[in-house]
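[1] Here is the input, now give the coordinates:
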Amino acid sequence: MNKKRVLIFAVMLAVLCLLVYLQFRTWKKFDWATFRSTTEHVAKLNLLAGIALTYLAYVMRALRWRIFLKPVCETTTKRLMAPQLIGFSALALLGRAGEMIRPYIIAKKERLTFTSQIAVWGVERIFDMGAFALMLAVSFLSPDLQRLRFYHQLREFAFLLLLLVLGLVIGVVVVRLSGERVGNFLHDRFAGFAPRFAHHLREKIRSFSAGLATIQDIGSALQLIAISIFMWLLIALAYYAITHAYPGRLSTLSLPEQVVLMGSSMVGSMLQLPAVGGGQQVAAIAMLNSGFGVEKELAVSCGILIWAITFMSVVPAGLLLARHEHLSIRAMAEAEEKEAALASE
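    Sure, this is the predicted structure:
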């Protein structure tokens with residue numbers, strides 16, 4: 001782990017410790033007996049359903065990536081399942097240091113450039129944000145959200161998210177259609193004082209532009225949109241299954257409210273420590289308790305289970321597949337970091 005990542009890790013740890021401290025200071029009193037009792041008596045079938053829905057979402061991710069690759073290579077959803085599971089296991093165990101392992105494995109497995117798969121990963125993120133923004137927008141039709149005290153702030157956030165997705169789409173289209181011109185323009189700007197950097201920058205933009213050729217036609221675009229929405233619906237249903245494993249207020253949370261809870265977890269996951277999480281749990285707990293009025297003991301128990309099922313349950317399968325394919329997650333992280341460093345030179 002380089003000095004930059006150590007610094008980022010230290011900052012994230014400090015921020016998470018502060019958030020946890022502020023949360024428990026606000027509560028002043030926490031009943032650990034109630035926490036243990038509620039956690040022990042959750043509906044186990046609901047939790048199994050949450051795990052099944054989470055894994056089905058990974059299948060959708062593999063299917064979507066196969067469609068992304070159609071213009072450049074023919075592969076199968078089954079062939080792409082292992083990289084998805086291993087990649088998300090690396091993300092869970094290593095934190096953001098494992099983010100690029102998934103495109104790295106796919107690039108090696110399908111004999112494609114790492115830069116091109118980073119481009120695919122970027123497009124995938126746009127589809128993810130777009131699908132979630134659409135689900136959030138539709139959720140505003142529900143009176144359940146209109147009763148929330150932060151409804152207006154939530155609506156503003158949804159509007160900003162839609163604008164961000166639109167801006168990213170425009171940027172991707174510009175680079176895809178005019179990658180050569182964009183590369184040459186930037187090359188000319190830097191060639192005078194940094195010729196080597198200018199050359200590498202132009203080549204990387206060309207490669208990135210080629211990697212953006214992920215949508216073959218209107219039919220593929222519609223497939224990708226449908227798969228993305230269905231995948232995020234599966235994740236929302238996994239949240240629904242987990243929260244409804246508990247009694248009381250948690251069992252009354254509607255699907256639109258699950259979308260809001262899912263969004264808070266996504267924001268919190270930006271502060272994610274390797275193997276232990278942190279940000280996702282804290283954000284989910286805060287939303288459940290402060291946003292939806294769930295008792296603090298139930299909120300903590302549910303927040304931890306949401307993290308364990310939707311984020312960490314992939315680890316056993318990912319590690320088994322990595323062992324089967326004779327891959328080391330740590331070694332892949334180091335190899336991916338070296339290749340990323342070479343790509344940025």
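[2] just checking, Tyr246 is part of a strand?
    No: assessed with DSSP: H, G, I helix; E, B strand; the rest coil, Tyr246 is coil; it does not lie in a strand.
[3] Enumerate every residue touching it.
    By C-beta atoms under 8 Å, 6 or more residues apart in numbering, the contact list for Tyr246 reads Thr38, Val42, Ala43, Leu298, Ser301, Cys302. No exception for glycine: its C-beta is placed from N, CA and C like everyone else's.
[4] Show me the shaky parts of the stretch 1-150 of the chain.
    Residue ranges of the stretch 1-150 of the chain with pLDDT under 70: 1-32.
[5] Repeat the analysis, applying 80 as the threshold.
    1-39, 95-97 (pLDDT under 80).
[6] All the helices of it, residue numbers only.
    3-27, 32-40, 44-69, 77-94, 101-109, 114-139, 143-146 (DSSP state H, counting those that start in this stretch).
[7] any chance of those in CSV, with mean neighbour count and distance to Ala283 too?
    Below are these laid out as CSV (neighbours: other C-beta atoms under 10 Å; distance: least, C-beta to C-beta, whole Å):
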stretch, mean neighbour count, distance to Ala283
helix 3-27, 13, 9
helix 32-40, 13, 19
helix 44-69, 19, 18
helix 77-94, 22, 16
helix 101-109, 23, 23
helix 114-139, 20, 15
helix 143-146, 14, 18
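[8] of those helices, which approaches Ile306 most closely?
    Closest of the helices of the stretch 1-150 of the chain to Ile306 is helix 44-69, at 8.3 Å (criterion: C-beta to C-beta).
[9] sorry, back to before: which among the helices of the stretch 1-150 of the chain is found nearest to Leu186?
    Per C-beta to C-beta, nearest to Leu186 of the helices of the stretch 1-150 of the chain: helix 114-139, 15.4 Å.
[10] and the closest one, what does it pack onto?
    Using 3 or more C-beta pairs under 8 Å, 6 or more residues apart in numbering; DSSP states H and E as the contact criterion, the elements in contact with helix 114-139 are helix 44-69, helix 101-109, helix 151-190, helix 195-211, helix 218-243, helix 255-268, helix 329-344.
[11] These: lowest mean pLDDT?
    Here the helices and strands packed on helix 114-139 differ in mean pLDDT, and the lowest is helix 329-344 at a mean of 70.
[12] just to revisit the earlier point, export the helices of the stretch 1-150 of the chain to a markdown table and append columns for distance to Leu163.
    Formatted as a markdown table, those follow (distance: least, C-beta to C-beta, whole Å):
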| stretch | distance to Leu163 |
| --- | --- |
| helix 3-27 | 26 |
| helix 32-40 | 40 |
| helix 44-69 | 24 |
| helix 77-94 | 27 |
| helix 101-109 | 27 |
| helix 114-139 | 9 |
| helix 143-146 | 20 |
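[13] Tell me which of those sits nearest to Met312.
    helix 77-94 (5.3 Å).
[14] Report the contact partners of the residue positioned nearest the centre of the chain.
    Taking C-alpha atoms, centre = their mean, the centroid of the chain lies closest to Met266, which sits 6.8 Å from it. Contact partners of Met266, counting by C-beta under 8 Å, 6+ apart, are Phe132.
[15] rerun at 10 Å
    Counting by C-beta atoms under 10 Å, 6 or more residues apart in numbering, Met266 touches Asp128, Met129, Phe132, Ile235, Gly279, Gln280, Ala283, Ala284.
[16] What is the most widely separated pair among those residues?
    So, those by C-beta to C-beta: farthest apart are Met129 and Ala284, at 19.0 Å.
[17] Having no further points to raise, I will conclude here.
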